[in-house]
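*Asks:* Please find the sequence and the predicted model below.
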Amino acid sequence: MPRLFTTIFFFMFIAFPIFAQPTPPVITPDNIQQLQQQHVFECISSACNQQASTVIFSPDDSLLLADYGKMTLWDTQTGDLIYEHDNGGLEFRFSLDGRYLMNVTDDGKINVWDLTINELLYTTFYDEEIDAGIATNEPIDPNYDLYITRQNPDFSPDGLTYFTTYADTLYLHDTLTGELLHRQTPTESSLIEQARFNPAGTHIITISEGDRWWQRTIQQWNSTTWSDDIVIENTRAAVISPDSRYVAYGLDNEIWLLDILTGENRLFVSSYQATITYLRFSEDSQFLFSGTEGEISKWWDVETGAFITSEPHIGTRNRLFELIPCQENDVNRYCLLDTRTQASIFMLTGHVGNMTYADFNHAGTQIVTSGLDGTIRLWGIGD
């Protein structure tokens, strides 16, 4: 009997740890004065650039990726360096479950990592034929340097496939092997500016240049049959939301919203007098920022369509705060505005010299900042 009791207690301890890590509190206007620096990251290798060009959180916020020309991954709770690799890149994308990481380098190569084992699975190219041409020094597209910086990497929601784009063509690959599964050209000789899977993985949305410099063509492709189920032409300022749920676009003085999941296409705003020239979603996809020539820019609630506020600036916004550039003694900082009152209630400092970037994590429990001093700093609510 004593041995049985010991065995049961042992398995209870393994299954239910006594010292479970507490859930970090969400940053709110009520606790903002407790906001403090939690970790400072810096790449000190001679192979690192002076400052990070890319800083992003993993989907579950457990990792922070920083690209100093050398890719680094940090644990956001402990501050420990988890992994680093010499292959920096122009664009990075995590799979939705956080298992895979992909980047596109400035020479057009694609690297895919398995983060469960922290290993590079392979390095490939979007198209083997073009890769072979480059390897043999054959002439390439004169716009190669431009196109290679707009490859729009994205994983399918299940992580089994991914695509990148080059010029007017989309390339679908198998995640585990890198095998090219399909290539699709939405609009011949038109640069694909944006492309994403929809949340269900059933369709891919592309936004391509139109016949005129300001025109955009929106197409929604069935990712199995490759039929273009939706085509919307002659739009302006088209943009895909970060959560891949919506496409907002302008038609003259109207703003339209396409639901990529359901296919519903609805008139969102028709109160402008001038032509819509700019649209951008907030990072949490809950708000839409719009602009026209000669009229004040505005924030809208995506779910309800309600007007929120008119503002001259564009910040990083969630339900509670707007994070905008500000200054302290001629030094660039970031300030947090209370979205209810538009009052500035906290200034992020700590960096030596100008700050260059700031953003929330997905859960709203941490803020990351970077600066010309080469450091990256994580902020959260203290005890």
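*Replies:* Right, received. Where do you want to start?
*Asks:* May I see the buried residues of the helix or strand Thr235 falls within?
*Replies:* Taking DSSP states H and E as the definition, Thr235 sits inside strand 228-240. Going by neighbour count (16 or more other CB atoms under 10 Å), the buried part of strand 228-240 is 228, 230, 232, 235-240. Yep, even glycine has a C-beta here, placed from its N, CA and C like the rest.
*Asks:* And those, which is closest to Gly371?
*Replies:* Closest approach between the buried residues of strand 228-240 and Gly371, by CB to CB: Val239, at 28.0 Å.
*Asks:* I'd say that closest one and Phe281 touch.
*Replies:* Yes - look at Val239 against Phe281 with CB atoms under 8 Å: they come within range, at 6.4 Å.
*Asks:* what's the overlap in contacts for these two?
*Replies:* Common contact partners of Val239 and Phe281 (CB atoms under 8 Å, 6 or more residues apart in numbering): Ala248.
*Asks:* First-to-last residue distance for stretch 310-319?
*Replies:* End-to-end span of stretch 310-319 (CA to CA, to the nearest Å): 16 Å.
*Asks:* Tell me where the stretch 51-200 of the chain has helices.
*Replies:* Assigned by DSSP state H, counting those that start in this stretch, the helices in the stretch 51-200 of the chain fall at 128-135, 144-147.
*Asks:* model confidence over the first one, on average?
*Replies:* When pLDDT is averaged along helix 128-135, the result is 55.
*Asks:* Find me whatever residue is spatially closest to Asp106, sequence neighbours aside.
*Replies:* Nearest non-adjacent residue to Asp106, counting by CB to CB, 6 or more residues apart in numbering: Leu90, 5.5 Å away.
*Asks:* Could you count how many residues lie near that neighbour?
*Replies:* 18 (other CB atoms under 10 Å).
*Asks:* Give me the pLDDT for it.
*Replies:* Reported pLDDT for Leu90: 81.
*Asks:* Okay, now the sheet partners of the helix or strand Thr277 falls within, with direction.
*Replies:* Using DSSP H and E, the element containing Thr277 is strand 276-281. Next to strand 276-281 in the sheet, as set by DSSP bridges, lie strand 287-292 (antiparallel).
*Asks:* Give the bridge partners for the closest residue in space to Asn354 that isn't next to it in sequence, please.
*Replies:* Computed as CB to CB, 6+ apart, the closest residue to Asn354 that is not its neighbour in sequence is Asn332, at 4.0 Å. Beta-bridge pairing of Asn332 under DSSP bridges involves Gln327.
*Asks:* who touches Asn332 in this structure?
*Replies:* Contacts of Asn332 (CB under 8 Å, 6+ apart): 325-326, 354-356.
*Asks:* any idea which of those has the most stuff around it?
*Replies:* The residue in the contacts of Asn332 with the most neighbours, by other CB under 10 Å, is Met355 (23 neighbours).
*Asks:* Might one say that that residue is in contact with Tyr334?
*Replies:* Yes - Met355 is within contact range of Tyr334, at 5.8 Å (criterion: CB under 8 Å).
*Asks:* what do the two both touch?
*Replies:* 348, 369.
*Asks:* so what's the residue nearest the centre of the chain up against?
*Replies:* Per CA atoms, centre = their mean, the C-alpha nearest to the average position across the chain is that of Pro242, at 6.3 Å. Contacts for Pro242 were tallied using CB under 8 Å, 6+ apart; they are 281, 283-285.
*Asks:* Among these, name the ones in strands.
*Replies:* Phe281 (DSSP state E).
*Asks:* Among the contacts of Pro242, which one has the most neighbours?
*Replies:* Phe281 (21 neighbours).
*Asks:* returning to that earlier point: and of the contacts of Asn332, the nearest to Lys70?
*Replies:* Thr356 (18.2 Å).
*Asks:* Paired strands for the helix or strand where that closest one lies, with orientation please.
*Replies:* Per DSSP H and E: Thr356 is located in strand 355-360. Here strand 355-360 is paired, per DSSP bridges, with strand 366-371 (antiparallel).
*Asks:* Which is the succeeding secondary structure element to the strand it pairs with?
*Replies:* Assigned by DSSP H and E, the successor of strand 366-371 is strand 376-381.
*Asks:* Show me what that following strand is packed up against.
*Replies:* When contacts are defined as 3 or more CB pairs under 8 Å, 6 or more residues apart in numbering; DSSP states H and E, strand 376-381 packs onto strand 35-41, strand 63-67, strand 366-371.
*Asks:* how does it look with 6 Å?
*Replies:* strand 35-41, strand 366-371 (3 or more CB pairs under 6 Å, 6 or more residues apart in numbering; DSSP states H and E).
*Asks:* what does it contact?
*Replies:* Here strand 376-381 makes contact (CB atoms under 6 Å, 6 or more residues apart in numbering) with 24-25, 31, 34-35, 37-41, 52, 55, 66, 350, 366-370.
*Asks:* Would you mind writing the CA trace of it as PDB?
*Replies:* The C-alpha trace of strand 376-381 is given here as PDB (Å, rounded to 0.1, in the frame of the first residue of the first chain):
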ATOM      1  CA  ILE A 376      15.200  44.900 -28.300                       C
ATOM      2  CA  ARG A 377      13.200  45.300 -25.100                       C
ATOM      3  CA  LEU A 378      10.100  43.400 -23.800                       C
ATOM      4  CA  TRP A 379       7.600  45.200 -21.500                       C
ATOM      5  CA  GLY A 380       5.000  43.700 -19.300                       C
ATOM      6  CA  ILE A 381       3.100  44.300 -16.100                       C
END
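*Asks:* so it versus strand 63-67, what angle?
*Replies:* 150 degrees (axes from the mean of the first three to the mean of the last three CA atoms, to 10 degrees).
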